[in-house]
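1. Turn this into a model:
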Amino acid sequence: MQSEVIISGFGGQGTLYAGQVYAYAGMDEGRHVTWLPSYGPEMRGGTANCTVVISDEEIGSPSALHPRAVIALNLPSLDKYEPLVAPGGFLIVNQSMVNREPTRTDIHWLTIPANDIARELGNERAANMVLLGALEGNMKALPDGALERALAAHTAERLKKFIGLNIEALQRGAEYKVD
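-> As a prediction, this is how the structure comes out:
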């Protein structure tokens, strides 16, 4: 099985970090993985996205024209990537930064107040983990606990103090289920 995921938002929202965590989780589970980041020259405040491909077999391309899933952290990302999600795929939207619902009826989608949840947990910057938790909680491309293990194994020493918060954010996101 192969899963292509695009994570997109403004620079500074943790878009690339969420993709790295997802890629590490796949790699740690023995899967083939690619992580392809893309960001504007502004970095913080500019656009940023990454494509993560996780597969049981060798990966032919690190890009995805019609990904199985998209996490949209902001409105420009929703506008750009909603049309590209493969039919039957998943679209996870940060309701805290988006003022509309998705319109497609041939995909599974969720709107989640990720910034609000992260703020409740103590750090608004964990919104990316809320959305990643929701994605994996619904798509189930990896075994249970893979994201949490990847956070513990691959977080830089100076950021280890945030592992518990990020794990809690993943778990809160996973509580949201598509219809």
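
2. if I read this right, L73 contacts R125, doesn't it?
-> No - using C-beta atoms under 8 Å as the test, L73 is too far from R125 to be in contact (11.5 Å). For glycine as for every other residue, the C-beta is placed from the backbone atoms N, C-alpha and C.

3. And these two? Which one has more around it.
-> Of the pair L73 and R125, L73 is the one with more neighbours under other C-beta atoms under 10 Å, namely 28 against 18.

4. Under a three-state scheme, what state does L36 occupy?
-> Assigned with DSSP: H, G, I helix; E, B strand; the rest coil, L36 falls in the strand class.

5. So it sits against I59, correct?
-> No - with contact defined as C-beta under 8 Å, L36 and I59 do not form a contacting pair (10.5 Å).

6. Check which helix or strand the most centrally placed residue in the chain maps to.
-> Geometric centre of the chain, nearest residue: L132, 3.9 Å, by C-alpha atoms, centre = their mean. If you go by DSSP states H and E, L132 is part of helix 127-139.

7. what's that helix packed up against?
-> On a contact count with 3 or more C-beta pairs under 8 Å, 6 or more residues apart in numbering; DSSP states H and E, helix 127-139 meets strand 2-10, helix 15-28, strand 69-72, strand 90-94, strand 108-112, helix 114-121, helix 146-154, helix 163-174.

8. Name the spans of the protein whose pLDDT lies under the cut-off.
-> Residue ranges of the chain with pLDDT under 70: 40-46.

9. switch to 80 and redo it
-> Low-confidence regions of the chain, defined by pLDDT under 80, span residues 39-47, 179.

10. The closest residue to E148 other than its chain neighbours and Y81, how far apart?
-> With sequence-adjacent residues excluded and distances taken as C-beta to C-beta, 6 or more residues apart in numbering, E148 is closest to I167, at 5.0 Å. To Y81, I167 is 27 Å away according to C-beta to C-beta, to the nearest Å.
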